[in-house]
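> could you look at this predicted model? Sequence included:
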Amino acid sequence: MNTAEYYDHYWSSAGPTRSPVRVAVFAISPVYYQAPLYRRIAQEPGIDLTVIFASHQGGLRPFEWGDQTVDWGIDAITGFKSVFLRNAHVNPTGGFLALHDVDVVRELRRGDFDVVWMDGYNSLTHLLVTVTQKLRRGPLLVREEQTLLSPRPLWKQALKQVGLRLVLTNAYALYIGANNRAWFKKYGVPDRRMFFTPYVVDNDRLQRDRAELLPERDRLRAQFQLPQRKPVIATVSSLSAKKQPLALLDAFRRVRESHDCALLVVGSGELEDDLRREVEKQRIRDVHFAGFLDQTQIAQAYTVADIFALVSAYDETWGLVVNEAMNFDLPIVVSDRVGCAADLVSHGKNGFVVEHDNREAIAEALATLVESRRLRARLGAASGERIRARSYEVTAAGILDAIAAATGIERRHLASARRRSEVA
């Protein structure tokens with residue numbers, strides 16, 4: 001009897017009073033935008049969810065991100081059952097060998113879970129989760145954000161072909177968007193084992209923030225030392241090489257030479273001093289640095305903006321700041337190396353997708369939006385409409401479909417959520 005046949009028998013023989021399906025999530029650490037999804041799944045009467053974390057960082061303690069200490073500023077650990085592994089108080093959030101939690105095997109065996117859902121794959125602890133679940137012959141769901149957009153050396157591609165096929169053979173892929181789906185497909189996951197579970201943010205919270213802050217827009221602009229009547233281009237990111245803030249600054253310089261506008265830079269990182277020096281050297285007017293803003297503050301930056309830009313050069317697997325900005329009805333300028341571009345930005349409809357290494361194209365897209373208030377309003381409204389269709393309900397429905405497929409249990413036994421829908 002295969003797994004699907006077993007679970008079909010499991011339900012048909014026990015009837016609807018059978019206890020909920022036990023689902024374990026393994027995640028490196030609590031993250032503010034994942035917590036609402038865990039809470040949503042945990043609400044389902046047919047699911048008994050436990051989240052196993054390898055690190056306290058982001059949930060019970062701040063973490064280092066580049067040269068800054070980050071605290072999300074909002075709750076990321078309540079509303080669902082969770083377990084922290086033994087070394088969670090010292091574990092970092094990255095590095096294949098840095099996470100080597102043997103006790104995860106004990107937690108999986110103790111929980112006797114029907115399904116294991118793994119967020120990510122790139123650590124020794126992830127490998128232990130994979131091997132344990134395969135030895136138990138239980139279903140494995142993998143949610144990962146990687147894409148094929150950033151070139152990789154041939155040796156690294158060869159290693160990934162071997163390692164990832166070990167992880168993904170017979171696994172169910174929870175893909176977040178078109179570029180991520182292509183990644184799963186490259187490493188051997190067939191279409192029948194792929195389920196659309198888009199990356200989303202808390203739209204309701206952000207839109208409440210927007211409604212509350214809009215009447216305060218002039219005051220907030222003064223607080224950020226921004227001009228009141230000029231179009232403001234905002235970017236939110238770590239100030240690191242992969243985000244190429246210097247390229248954005250250079251594009252803004254070109255726009256500012258002939259257009260009255262301002263640039264708001266939100267974030268910090270190793271390139272901040274370089275940016276400030278370049279502003280002074282080139283005498284670029286109307287550039288304002290806000291520093292890092294947590295989730296209780298970030299809505300203020302989006303509220304004062306008229307345009308949002310993210311022009312990363314590599315390793316931008318998604319770009320959740322784009323989701324956030326779209327909740328504030330902003331037109332978007334993204335590079336072709338931003339993972340979410342294929343799903344969230346339609347060129348000329350709610351923004352522009354530009355070549356990551358073409359500063360003239362970046363400047364042209366920004367100038368087009370700066371020149372026309374009417375165009376900004378039309379494209380921004382399209383952003384708002386598009387992002388409101390991407391919610392935790394859609395993501396939860398995709399995950400529940402994957403659990404149903406992995407276990408063979410009919411979907412109606414698992415949840416009352418809407419059927420998932422691919423968002424154009």
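Thanks, I have the structure now. Since we're looking at a predicted model, the values are computed, not measured.

> what packs against the helix or strand encompassing L213?
Applying DSSP states H and E as the criterion places L213 in helix 203-213. Using 3 or more Cβ pairs under 8 Å, 6 or more residues apart in numbering; DSSP states H and E as the contact criterion, the elements in contact with helix 203-213 are helix 298-304, helix 373-388. Placement of C-beta: from N, CA and C, glycine included.

> list the residues that contact G339.
145, 147, 149, 177, 179-180, 316-319 (Cβ atoms under 8 Å, 6 or more residues apart in numbering).

> mean confidence score for the helix holding L213?
Mean pLDDT, computed over helix 203-213, is 97.

> would you mark the buried spots in it?
Along helix 203-213, the positions that meet the burial threshold by neighbour count (16 or more other Cβ atoms under 10 Å) are 203, 206-207, 209-210, 213.

> closest one of those to G120?
Checking these against G120 by Cβ to Cβ gives N203 as the nearest, at 24.0 Å.

> residues contacting the closest one?
When the contact criterion is Cβ under 8 Å, 6+ apart, the partners of N203 are 327, 387-388, 390-391.

> before we move on, what about N180?
The neighbours of N180, taking Cβ under 8 Å, 6+ apart as the test, are 144-147, 317-318, 339.

> out of those residues, who's the most crowded?
Neighbours here mean other Cβ atoms under 10 Å. Within the contacts of N180, the largest count is held by G339, at 28 neighbours.

> quick one: the helices in the stretch 251-400 of the chain, in order.
Defined through DSSP state H, counting those that start in this stretch, the helices belonging to the stretch 251-400 of the chain, from first to last, are 272-282, 298-304, 320-326, 341-344, 359-371, 373-388, 392-407.

> dump the buried residues of helix 203-213 into CSV; add distance to P190 as well.
Written out in CSV, the entries for the buried residues of helix 203-213 read as follows (distance: Cβ to Cβ, whole Å):
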residue, distance to P190
N203, 32
L206, 36
Q207, 38
D209, 41
R210, 41
L213, 46
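
> which one of those residues is nearest A301?
Distances from A301 to those, taken by Cβ to Cβ, are shortest for L213, at 10.1 Å.

> that closest one and L220 touch, don't they?
Yes - in this structure, L213 sits in contact with L220. The criterion is Cβ atoms under 8 Å, and the distance is 6.6 Å.

> got any residues that touch both of the two?
Listed contacts common to L213 and L220 are 300, 303; contacts here mean Cβ under 8 Å, 6+ apart.

> so L320 sits against Y199, correct?
Yes - L320 is in contact with Y199 according to Cβ under 8 Å; the separation is 6.2 Å.

> other residues contacting stretch 164-176?
Stretch 164-176 has contacts (Cβ under 8 Å, 6+ apart) with 117, 121, 126-127, 130, 134, 139-145, 181, 183-184, 187-189, 193-199, 318, 398-399, 402, 405-406.

> buried ones in it, by neighbour count?
Within stretch 164-176, the residues that count as buried by 16+ other Cβ under 10 Å are 164, 167-168, 171-176.

> quick one: that stretch to chain centroid distance?
Distance of stretch 164-176 from its chain centroid, counting by Cα atoms, centre = their mean, to the nearest Å, is 18 Å.

> need the CA coordinates for that stretch. CSV is fine.
Once side chains and other backbone atoms are set aside, the C-alpha atoms of stretch 164-176 remain, and they are given as CSV (Å, rounded to 0.1, in the frame of the first residue of the first chain):
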residue,chain,number,x,y,z
LEU,A,164,18.9,19.2,-4.5
ARG,A,165,17.7,16.1,-6.3
LEU,A,166,18.4,14.1,-3.1
VAL,A,167,16.2,16.6,-1.2
LEU,A,168,13.5,17.1,-3.8
THR,A,169,13.0,13.5,-5.1
ASN,A,170,9.4,12.6,-4.2
ALA,A,171,9.0,15.9,-2.4
TYR,A,172,6.2,18.4,-2.9
ALA,A,173,7.2,21.9,-4.0
LEU,A,174,5.5,24.9,-2.5
TYR,A,175,6.6,27.5,-5.0
ILE,A,176,6.2,31.3,-4.4
